[in-house]
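Visitor: Take this sequence and fold it.
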Amino acid sequence: MIAAKVVRSFGSLLVGATVLLAPPLVGTAAAQERPGPALEFSAGWVGFADDGVVSEAMVGGAGRWYLTPRLSVGPEFLYINGSNHSHLVLTGNVTFDILPETESRVIPFVVAGAGMFQTRETFLNGGDFNATEGAFTAGGGVRALVGDRVTVGIDARIGWELHVRVNGFVGVRLGR
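Guide: Next up, the predicted model:
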């Protein structure tokens, strides 16, 4: 219940920030070309807060569509594997590139997203437990252009269900 309130509050904050940030960015967009959509494939580490840190591996993918030369939106899907359980995370993300591609081949960014976090756990007696709750993540990273359409990067985020995540990714631009 608290998580749902936090996700709703975070979602409202995300929408409000987008509404406030978008108009100033649109003015500069007229002089710059928007990058084409991109797909990113990621792998990394997730540490959950428990009686210590529980480490798990993750793989995932994301799509980004640029609204302006520096502001993009898109879905992200993660699969996190643990012993006797797994998690699926689906969020809608907003990413803001600190520098436009036209100025640098290395692009720092901030990202925030909200969506759902699903846990599936299997017990030795054959019983299964499934739970779905709200989720959000926020953080930042850096991506570097290694070709006309290929990027590599790393990012770090914190999110709910309470975790810290660090992952690397490879991105492919679908158009210009």
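Visitor: Tell me where the model's unsure across this protein.
Guide: For the chain, applying pLDDT under 70 flags the ranges 1-32, 176.
Visitor: which residue sits farthest out from the middle of it?
Guide: Going by Cα atoms, centre = their mean, the residue of the chain most distant from its centre is residue 125, 35.6 Å out.
Visitor: and that one, that one's in a strand?
Guide: No: per DSSP: H, G, I helix; E, B strand; the rest coil, residue 125 lies outside any strand segment and is coil.
Visitor: Next, it: phi, psi?
Guide: Dihedral angles of residue 125 (phi, psi; degrees, to the nearest 10) stand at phi -80, psi 0.
Visitor: Tell me the spacing between it and residue 156.
Guide: 38 Å (Cβ to Cβ, to the nearest Å). Heads up, the C-betas are built off the backbone N, CA and C, glycines and all.
Visitor: For the closest residue to residue 101 other than its chain neighbours, grab the count of nearby residues.
Guide: Counting by Cβ to Cβ, 6 or more residues apart in numbering, residue 35 is the residue found nearest to residue 101 once chain neighbours are left out, at 5.8 Å. Around residue 35 sit 23 other residues, with neighbours defined as other Cβ atoms under 10 Å.
Visitor: And for residue 44, nearest residue in space, chain neighbours not counted?
Guide: Nearest non-adjacent residue to residue 44 (Cβ to Cβ, 6+ apart): residue 167, at 2.5 Å.
Visitor: Now do the helices in this protein.
Guide: Remark: helices assigned in the chain by DSSP state H are 2-29.
Visitor: Show me where it has its strands.
Guide: In the chain, the strands defined using DSSP state E lie at 38-49, 53-66, 71-82, 85-97, 106-122, 128-145, 150-160, 163-173.
Visitor: and the first one, what does it pack onto?
Guide: With contacts defined as 3 or more Cβ pairs under 8 Å, 6 or more residues apart in numbering; DSSP states H and E, the secondary structure elements packing on strand 38-49 are strand 53-66, strand 71-82, strand 163-173.
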